[in-house]
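Trainee: Output the structure for:
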Amino acid sequence: MRQPNQSFLSFPDFLSVTPFQTVNDDVMGGISTSRVMHEGDALIFAGTLSLASGGGFASFRGPLPLPLPLPPETTVLSVHLRGDGQRYRITLRTEPCENGLTYQAPFVTSGHWEWLSFSASDFTARRRGRPVEHAPGLAFPQAKALGILIADRQAGPFRLALREVRAR
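Mentor: Numbers count the residues shown, from 1 in each chain. All right, here's what the predicted structure looks like:
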């Protein structure tokens, strides 16, 4: 079992980012682009958000480590990242299927390396980008995948570096 406040997801090499894939608005006819790559000790999520053709989002996601993604006693999820001053959302999936619930928590980056912490109550349930009323609250140990999304009509280039994820 992991110790509290211990890293359970980090990106020391290229292979550590290979399970993560982009999902952009091109799945619905948009033209936003993004990619996930490795640089130094971080996963880099970068691209260009376009509002043309009904678009306006870019994201990446990947599986949480197994056999136990998040310890049962987890109350806070902390991420070490550096963004570009734009608004993003951290996402957690509790179901493997595309039509399942996604729990999202918004955050704004400062342009510097920073630790951001999220409790389960910071996340709201969404399905295909829309809020889901009366959905069950997020329980961290049920999370199977993690990602980051940029949307909210922020057209133009973006870049976010994710160095580490910790459970407390």
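Trainee: Quick one: the strands in this protein, in order.
Mentor: 6-10, 21-24, 33-39, 42-49, 58-63, 76-82, 87-93, 102-108, 114-119, 124-127, 130-131, 145-150, 156-167 (DSSP state E).
Trainee: Tabulate these (CSV), appending distance to Gly137 and mean pLDDT.
Mentor: Just so you know, the C-beta spots here come from the backbone N, C-alpha and C atoms, and that holds for glycine as well. Converted to CSV, the strands of the chain look like this (distance: least, Cβ to Cβ, whole Å; pLDDT from 0 to 100):
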stretch, distance to Gly137, mean pLDDT
strand 6-10, 21, 77
strand 21-24, 24, 96
strand 33-39, 29, 98
strand 42-49, 27, 98
strand 58-63, 20, 95
strand 76-82, 14, 96
strand 87-93, 12, 97
strand 102-108, 9, 97
strand 114-119, 11, 97
strand 124-127, 8, 94
strand 130-131, 13, 90
strand 145-150, 18, 96
strand 156-167, 17, 96
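Trainee: can you put the ones you listed in a markdown table and add distance to Leu138 and mean neighbour count?
Mentor: Below are those laid out as a markdown table (distance: least, Cβ to Cβ, whole Å; neighbours: other Cβ atoms under 10 Å):
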| stretch | distance to Leu138 | mean neighbour count |
| --- | --- | --- |
| strand 6-10 | 17 | 16 |
| strand 21-24 | 20 | 16 |
| strand 33-39 | 24 | 16 |
| strand 42-49 | 22 | 21 |
| strand 58-63 | 15 | 20 |
| strand 76-82 | 10 | 19 |
| strand 87-93 | 7 | 21 |
| strand 102-108 | 4 | 19 |
| strand 114-119 | 9 | 15 |
| strand 124-127 | 7 | 16 |
| strand 130-131 | 14 | 9 |
| strand 145-150 | 12 | 22 |
| strand 156-167 | 13 | 19 |
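Trainee: Distance to Leu70 added to the ones you listed, as CSV?
Mentor: What follows is the strands of the chain, written out as CSV (distance: least, Cβ to Cβ, whole Å):
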stretch, distance to Leu70
strand 6-10, 7
strand 21-24, 21
strand 33-39, 21
strand 42-49, 18
strand 58-63, 12
strand 76-82, 7
strand 87-93, 9
strand 102-108, 12
strand 114-119, 12
strand 124-127, 17
strand 130-131, 23
strand 145-150, 10
strand 156-167, 5
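Trainee: thought Phe140 was touching Ser119?
Mentor: No: applying Cβ atoms under 8 Å, one finds Phe140 not in contact with Ser119, separated by 9.1 Å.
Trainee: anything in contact with each of those two?
Mentor: Thr75 (Cβ atoms under 8 Å, 6 or more residues apart in numbering).
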